[in-house]
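# below is the structure, and that's it, no one-letter string:
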């Protein structure tokens, strides 16, 4: 990781290894319409199953053009009855397909052997051209990109983000993601999804390209010699960091080459703020403002306003009022801001902008699902996502678009990187999928949905890794269509839970909801605790009524609470101040209420 006291530093490992391309075989499935008898178990399955292991419930029967059954529904119905009688089953003609074929129902509880008997009866009829099962089809979103197998972070069930299951619902179409980073170096696996950005670096000592701000966000390289960025700081080659981040979000997909982007239907607007030795707050603040549709003096209006901002960058210290002001304004314009928690293996409270309010702060996990050794942690972390852990093997990093040049741009390439810089674009990509699936979502609703639908961290995390590991499939399904999210009210103010002490209460004020609360009021709770069996959790309605969410249990020795409870609160008026009451009823354990939310 590069360090320089007065500047921002990119959050990326210095190790980047370019791997040889791996070619994954792809196949196209077609329905065979021959009449040969099954000669193997595989043939039998193909001809008798609606889906693997599931006997067909219907058959599609094509008759030869001269057959009466080809034109007469009555004749087809009579033929189905006759075939069923021969096979010892009750068949029923359902309807005529657009091709002229007959759809025949086989009834219930037939075995694969029963289906085979019926098929045999049809195959023996010289007037039948073909008979095939009415097969069940499901979305097949796995892309044909040749290196997709290297992207464990997208599809592996243990520690991947379960992205493919979301693609049948959303690919990010119609959403622009601003990548505030080192800019963009041309790459054919990304170029199709790049739209206009801007170079916000005003200091020529940092910009490397010889000029100040302009409309060209091209990355000329950010290499530096030993000592250039501070006494004792070693030399570093160009990182092409922004291009790696952008590839994770929206690399062109299903183009039979390279990698797949998480939100491959989205567009990337590259905004250059990091150059030699890093980048200044002032440039980053202007980039945040411009990306979200705000006005920056001397910079033309943005024609590619972003609904998502990715900032895989950070520095030490508190979130300044200047940076917080820019973030707040962006969120108020409807743009979700996603930031890296940082790579110091330290509490994110000590590092900005991961410690700012109104952002989604992202910690990194490795391929086992545990917190990556370098990742920052703490109660201000909102969510975890794959960031890689290359100490366990290069292929356990995050694979994305890059360039082979050590100083200036050369040939395009791909490489594994690790860092919270790599975890952050996973969440930015997920936000793009969500916003595309439901354009009405606010930044607060997006953050709440990501947290509510996260799954428990598959591995370990000491210090706090947010609501868990983000789950793209579950999250996108929850928000799609705009009908399942409702209105969400959240509290992200952390509260310490006294050990064996009195109860603490965290309030949420609800307004603008008509009538009573629903019978399926969702209460999302995120608590870090060393022994959750000690905890008693209640929801307190505005009138003081208490709803028990969780009782103490001596047999529940696990840690943390990260779940959503459903409460029948239909007798309660929705508007007013709701409280979450948490009490540790035994001693010797500690914990923190990190956040909670109500979805009406």
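Looks like it arrived, so ask away. All figures in this text were calculated on a predicted structure; none of them were measured in a lab.

# enumerate every residue touching the nearest residue to residue 593 once chain neighbours are set aside.
Excluding its sequence neighbours, the residue lying closest to residue 593 (CB to CB, 6 or more residues apart in numbering) is residue 495, at 4.6 Å. Where you see a C-beta, it was placed from the backbone N, CA and C, and this is true even at glycine. By CB atoms under 8 Å, 6 or more residues apart in numbering, residue 495 lies in contact with 504, 506, 582, 592-593.

# go on, residue 252?
Going by CB under 8 Å, 6+ apart, the list of residues near residue 252 reads 189-193, 258, 261, 264.

# helix or strand: which one has it?
Using DSSP states H and E, residue 252 sits in no helix or strand.

# okay, it: pLDDT?
Listed pLDDT for residue 252 reads 97.

# you'd agree residue 578 is in a helix?
No - counting by DSSP: H, G, I helix; E, B strand; the rest coil, residue 578 is not found in a helix; it is strand.

# quick one: it and residue 539 touch, right?
Yes - the pair residue 578 / residue 539 is scored as a contact, 6.8 Å apart, by CB atoms under 8 Å.

# separation between residue 553 and residue 586?
11 Å (CB to CB, to the nearest Å).

# what about the helices in the stretch 151-300 of the chain?
Along the stretch 151-300 of the chain, counting by DSSP state H, counting those that start in this stretch, helices occupy 152-155, 164-167, 204-207, 241-250, 281-291.

# any idea how far residue 180 is from residue 327?
Counting by CB to CB, the gap from residue 180 to residue 327 is 12 Å.

# next: residue 572.
From residue 572 to residue 327 the distance is 34 Å (CB to CB).

# all the helices of the stretch 401-550 of the chain, residue numbers only.
With helices called from DSSP H, counting those that start in this stretch, the stretch 401-550 of the chain shows them at 420-437, 443-452, 472-479.

# most widely separated two among the contacts of residue 495?
506 and 592 (10.9 Å; CB to CB).

# domains of the chain?
9-17+142-482, 57-133, 488-599 (automatic domain parsing).

# what's near enough to touch residue 204?
Contacts of residue 204 by CB under 8 Å, 6+ apart are 210-212.

# how about residue 571?
Contact analysis of residue 571 by CB under 8 Å, 6+ apart lists residue 516.

# the one 5 residues further on too?
Residue 576 sits next to 509-510, 541-543 when contact means CB under 8 Å, 6+ apart.

# among those, who's most crowded?
Taking other CB atoms under 10 Å as the neighbour criterion, residue 541 ranks highest of the contacts of residue 576 with 20 neighbours.

# for that residue, which non-adjacent residue is closest in space?
Excluding the flanking residues, the one nearest residue 541 by CB to CB, 6+ apart is residue 572, at 4.4 Å.

# do residue 247 as well
Residue 247's closest residue in space is residue 401 (CB to CB, 6+ apart), at 3.3 Å.

# circling back to that earlier point, give me the more crowded residue out of residue 578 and residue 539.
Using other CB under 10 Å, the more surrounded residue of residue 578 and residue 539 is residue 578, with 25 against 22.

# roughly how far does that one sit from residue 292?
Relative to residue 292, and taking CB to CB, residue 578 is found at 31 Å.

# and the strands in the stretch 251-400 of the chain?
Taking DSSP state E, counting those that start in this stretch to define them, one finds strands in the stretch 251-400 of the chain at 267-272, 308-311, 313-316, 336-340, 351-352, 360-365, 383-386, 398-403.
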